[in-house]
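Participant: From the sequence below, what's the structure:
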Amino acid sequence: MCSKKKDSLFNTFQFRLTLYHSMLVTLALLTVFGIGNLLLQRQLHAETNAGLRQRMNHINEQYLGETMENSAEKVSKSDWPASVDSFFRQTYPQVKIGLIERQDSPNGTGYEVIGSTGSERIEVFIAAGESWISHREPISNVFNAISEMMSRDGLLILLSKAGTILHGQINDPDAEALRQDIGNRIGAAGWIHLTGKHGRQMIAWRLFDGNVFCLADDFQTGRQVMQRWKLLFLWLAVFFIPLSTAVGWFLAGHAMAGVKRITAATQAIEAGSLRQSVHSHREGCEIEALTNAFNSMTDRIDRLVKELKVVTANVAHDLRTPLTRIRAMMETTDWSRAPETERNEIAAQVIDECDLLAPLINDILELSQAESGMLTLRTERFDLVMEVRRALQLFSILAEEKQIAIEHALPEQPIWIIADRARIQRIFANLLDNAVKYTPAGGWIAVRLLEEHGLVLLEVADNGPGIPAAERERVFSYSWHNGGIPA
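Facilitator: This next block holds a predicted model:
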């Protein structure tokens, strides 16, 4: 429990709820940022890689030098006549075929082959069993032309199959990484995506002659988009975290309003004002249950205090009469001159008055023990029918003096119960005593004892005035008693 010195804002449960709410919102924002950042980065990388593949396709076309005539038709290697293929491979064994174009003319069919030796691009024309080289140029010229067209890219190099840099930015920091076993890393797919330093996206593409073209994108656009995303998240965090804190403080205050009202009512009870109640304002089932329990508790406390006052008054009244008589006898007797017989008589009267006080005090003690749960029951197994018969025999004499007829219906077979025999006897004696006391002369009392479904029913009825209907609910209340405390 917080003391008043430590009862600061930071020690309140409302502050803790607000702090937890802000932490959860911050964690949620960070989670959204992390997931969004990952998805956005993947999307930008995918778009960048798609752009690299598109540009690489264009580079491949430029590398082949595709300038197909209107009458030319591309021919795959499998559709090329075997005789022409054999003739070409015998004539140009070092040339790798990249593109075959068929040209039909009135003089016959010819084939233009674009190939490469790895260091030189060659265009060969074959027709009528003859061939000649129509064009040839170094690969360096081809690379320079492509390099001028792709000048905006951060990296453009041409590697041999073995990984030797043939042309391009030799001193580029990513060039050395590309050189390492690039041929085997590309694999059967013919191309591979790589990530260089500082997030640079690269693609390596194996050409028809075995050389490898490497193209890179500095990911500048992607980094700008990522930077804008981070700035947007920062502004969202600056806006939402204070807003969520304010909302959390309001919600926590609303949730704790019922607890605060109960605390205020408890402090008022502590100050001495017992008549306190707390009203629920639809703050949830838990707060409503708490307020209902608190109101029930305060009602019970108030009722017990009232009953305690009445019981105290009754006890004081019952104690005052015998004590007054004892004091009167003691004060009016001249002990120095009174004979011994008078002193003995007064002593006997004092003892009788004390005997009247002893049961009253025992009743008060027993009542206190029963309320506190400390009352000890001495249980045993006995026949209830026999106990009822004994009680009837004792009270039949008093009933005969008032000419009251006692009728009873008791089973022939014993009814065995396990209970405190003395207290059962006292309960039945109280019932019969009240019945004899309040039944008019010439009346009747009916006693019935039966067993049903494992339960025992003991019923005492009479034709006396009975308990008023308005008072029946208060029969077992401490404060209800005609002339004293309950028996």
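Participant: helix/strand/coil for the closest residue to residue 396 other than its chain neighbours?
Facilitator: Excluding the flanking residues, the one nearest residue 396 by Cβ to Cβ, 6 or more residues apart in numbering is residue 406, at 5.9 Å. For every residue, glycine as well, the C-beta is placed using N, CA and C. Put simply, residue 406 is strand when judged by DSSP: H, G, I helix; E, B strand; the rest coil.
Participant: swap in residue 208?
Facilitator: Put simply, residue 208 is coil when judged by three-state DSSP.
Participant: Distance check, residue 396 against residue 458.
Facilitator: 17 Å (Cβ to Cβ, to the nearest Å).
Participant: Residue 464 belongs to a strand, doesn't it?
Facilitator: No: under three-state DSSP, residue 464 sits outside any strand and is assigned coil.
Participant: ok, it to residue 475 distance?
Facilitator: Counting by Cβ to Cβ, the gap from residue 464 to residue 475 is 15 Å.
Participant: These two - which one has more neighbours?
Facilitator: Ranked by neighbour count (other Cβ atoms under 10 Å), residue 464 and residue 475 place residue 464 first, with 17 against 10.
Participant: Phi, psi for the more buried one please.
Facilitator: Dihedral pair for residue 464: phi -80, psi -180, per degrees, to the nearest 10.
Participant: cool, residue 94 as well?
Facilitator: Dihedral angles (degrees, to the nearest 10) for residue 94: phi -90, psi 0.
Participant: try the one 3 residues further on
Facilitator: Note on residue 97: its backbone torsions stand at phi -80, psi 130 [degrees, to the nearest 10].
Participant: wait, isn't it in contact with residue 117?
Facilitator: No: the pair residue 97 and residue 117 fails to qualify as a contact (Cβ atoms under 8 Å) at a distance of 11.4 Å.
Participant: so where do the helices sit in the stretch 301-450 of the chain?
Facilitator: Along the stretch 301-450 of the chain, the stretches classed as helices by DSSP state H, counting those that start in this stretch are 340-372, 384-401, 421-438.
Participant: JSON lines for those, including mean pLDDT, distance to residue 73 and mean neighbour count?
Facilitator: Shown next, in JSON lines, are the helices of the stretch 301-450 of the chain (pLDDT from 0 to 100; distance: least, Cβ to Cβ, whole Å; neighbours: other Cβ atoms under 10 Å):
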{"stretch": "helix 340-372", "mean pLDDT": "75", "distance to residue 73": "111", "mean neighbour count": "12"}
{"stretch": "helix 384-401", "mean pLDDT": "89", "distance to residue 73": "119", "mean neighbour count": "15"}
{"stretch": "helix 421-438", "mean pLDDT": "88", "distance to residue 73": "119", "mean neighbour count": "16"}
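Participant: Select, out of those, the one closest to residue 454.
Facilitator: helix 384-401 (13.5 Å; Cβ to Cβ).
Participant: out of everything not next to it in sequence, what's closest to residue 398?
Facilitator: Nearest non-adjacent residue to residue 398, counting by Cβ to Cβ, 6+ apart: residue 436, 5.1 Å away.
Participant: Just list the residues touching the one you found, thanks.
Facilitator: By Cβ atoms under 8 Å, 6 or more residues apart in numbering, residue 436 lies in contact with 395, 398-399, 402, 404, 445.
Participant: sorry, back to before: dump the helices of the stretch 301-450 of the chain into CSV; add distance to residue 40 as well.
Facilitator: Shown next, in CSV, are these (distance: least, Cβ to Cβ, whole Å):
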stretch, distance to residue 40
helix 340-372, 70
helix 384-401, 85
helix 421-438, 82
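Participant: Tell me which of those helices lies nearest to residue 321.
Facilitator: Comparing those by Cβ to Cβ, helix 340-372 comes nearest, at 8.9 Å.
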